[in-house]
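K.L.:
Sequence first, predicted coordinates after that:
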Amino acid sequence: MTLSAEEIALCAAKALREELETYPKPGLVSLVDQGSHPDMDAPCFLASIEAITPGFAEMAACAAGSLADLQRIGVTMEQAMRKATNGRNAHRGAIFCLGLLCAAAGVQIAGATESLGQVVATRWGGEIPQAEALEPSSDGVAMCRRFHLGGVRREAALGFPSVYQFGLPAYREALSLGRPAARVQAFFAILEHCEDTTLLKRGGLDGRDFARQCARRFLDDGGVANPEWWQRAQEMHREFVRRNLTAGGVADLLAATLFVEDMERKQ
Ligand SMILES: CC(C)(COP(=O)(O)OP(=O)(O)OC[C@H]1O[C@@H](n2cnc3c(N)ncnc32)[C@H](O[C@H]2O[C@H](COP(=O)(O)OP(=O)(O)OP(=O)(O)O)[C@@H](O)[C@H]2O)[C@@H]1O)[C@@H](O)C(=O)NCCC(=O)NCCS
Ligand SMILES: Nc1ncnc2[nH]cnc12
């Protein structure tokens with residue numbers, strides 16, 4: 001099925017709404033509570049999604065563009081997000097990740113047969129400036145430089161390995177238990193491996209290791225196939241909030257997983 005740029009943008013917005021609806025999702029904002037984010041709530045995220053959706057359509061229509069062209073659209077989207085949220089950083093990572101994937105979906109309209117992640121890696125991956133070559137002017141770059149990690153920039157340059165190796169397989173395997181449970185399963189599968197710089201900023205290496213242990217324990221105990229999965233995930237959510245931990249990057253990669261799954265189903 002061929003989708004228009006506007007339809008691709010609506011799929012990106014849907015993925016972001018489903019990420020927000022996902023609960024329990026340790027430390028993160030949902031329709032149930034604000035998690036470890038006293039400055040952000042669900043209405044703030046919904047306003048941000050509405051404000052950035054037209055930008056996703058522009059990204060999809062800019063498939064032939066360079067990274068600099070996409071960045072110009074991304075900067076405008078970040079401004080729209082801040083205006084709609086009173087200056088909050090609800091979707092900086094999502095604008096980048098889903099923006100690139102929307103542009104890749106635009107390439108697919110034009111006939112590409114590779115996965116969306118491969119399209120991102122081959123078209124724009126080489127142009128994405130990596131943290132080691134940059135001054136630490138953002139939290140993400142500062143964390144990458146300090147802990148020798150790749151963060152969101154490497155994730156995108158490599159074509160979103162967290163989505164294709166962890167998020168998508170976990171989501172698809174758990175789908176028979178329903179979409180809300182499958183989303184939680186994908187969240188924990190990504191959390192176990194991802195180099196989330198928001199987690200490192202809040203909790204350092206100890207916080208990152210604690211989060212990974214939680215994810216491993218949840219998955220080793222059967223994940224969402226365990227009859228007590230919901231209570232277990234909710235306990236972890238409460239513990240993340242007590243420790244002021246959160247994983248905004250994992251939330252963005254969950255949204256990216258849901259978007260890719262939706263696009264592949266529509267192909
Ligand atoms: C290239 C950019 C994404 C800028 O990235 P940079 O490396 O400079 O780092 P940051 O500015 O810190 O942003 C990176 C955001 O990406 C998310 N993220 C982190 N790790 C990963 C990962 N491994 N994989 C995927 N995504 C990742 C994360 O975003 C989410 O968290 C945000 C909320 O964080 P939080 O810390 O709670 O909120 P703050 O208010 O910042 O702090 P507190 O005081 O509350 O603690 C939320 O936004 C989530 O989305 C990182 O924040 C890109 O931004 C860039 O170049 N922009 C220019 C325009 C552009 O090019 N656009 C796109 C063109 S395609
Ligand atoms: N649900 C969420 N909560 C907090 N930060 C996020 N960044 C992206 N989605 C998020």
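P.N.:
That came in fine, so what should we check first? Ligands and ions are numbered 1, 2, ... in the order given.
K.L.:
and the helix or strand where residue 43 lies, what other elements does it pack with?
P.N.:
Element membership for residue 43 (DSSP states H and E) is helix 42-61. Counting contacts by 3 or more CB pairs under 8 Å, 6 or more residues apart in numbering; DSSP states H and E, helix 42-61 packs against helix 5-21, helix 67-84, helix 92-109. In short, each C-beta sits where N, CA and C put it, glycine included.
K.L.:
Report the rounded mean pLDDT for that helix.
P.N.:
Computed over helix 42-61, the mean pLDDT rounds to 98.
K.L.:
do the same with stretch 196-204
P.N.:
Stretch 196-204 shows a mean pLDDT of 96.
K.L.:
Does ligand 2 have contacts with it?
P.N.:
No - contact of stretch 196-204 with ligand 2 (CB under 6 Å from any ligand atom) is absent, the minimum separation being 7.4 Å.
K.L.:
picking up where we left off before, is there proximity between the helix holding residue 43 and ligand 1?
P.N.:
No - judged by CB under 6 Å from any ligand atom, helix 42-61 and ligand 1 are separated, with a smallest distance of 6.8 Å.
K.L.:
that older thread, rebuild the helices and strands packed on helix 42-61 as a markdown table, extending it with mean pLDDT, mean neighbour count and distance to ligand 1.
P.N.:
Converted to a markdown table, these look like this (pLDDT from 0 to 100; neighbours: other CB atoms under 10 Å; distance: least, CB to the nearest ligand atom, whole Å):
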| stretch | mean pLDDT | mean neighbour count | distance to ligand 1 |
| --- | --- | --- | --- |
| helix 5-21 | 98 | 21 | 10 |
| helix 67-84 | 98 | 17 | 2 |
| helix 92-109 | 94 | 25 | 2 |
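K.L.:
Looking at these, which is nearest to residue 261?
P.N.:
Shortest distance between residue 261 and the helices and strands packed on helix 42-61, using CB to CB, is found for helix 5-21: 8.6 Å.
K.L.:
quick revisit: please enumerate residues in contact with the helix holding residue 43?
P.N.:
With CB atoms under 8 Å, 6 or more residues apart in numbering as the contact definition, helix 42-61 has outside contacts at 5-6, 8-10, 12-13, 16-17, 20, 29-31, 70, 73-74, 76-77, 80-81, 83-86, 88, 90-91, 94-95, 98-100, 102-103, 105-106, 109.
K.L.:
got TSV for the helices and strands packed on helix 42-61, with distance to ligand 2 too?
P.N.:
Shown next, in TSV, are those (distance: least, CB to the nearest ligand atom, whole Å):
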stretch	distance to ligand 2
helix 5-21	5
helix 67-84	11
helix 92-109	6
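K.L.:
which bits of this protein sit near ligand 1?
P.N.:
Residues of the chain lying near ligand 1 (CB under 6 Å from any ligand atom): 37, 70-71, 74-75, 78, 89-97, 99-100, 138-141, 151-153, 155, 194-198, 201-202, 246, 248-249, 252-253.
K.L.:
Let's see that with 5 Å instead.
P.N.:
Residues of the chain found near ligand 1 (CB under 5 Å from any ligand atom) are 70-71, 74-75, 89, 91-94, 96, 99-100, 138-141, 151-152, 155, 195-198, 248-249, 252.
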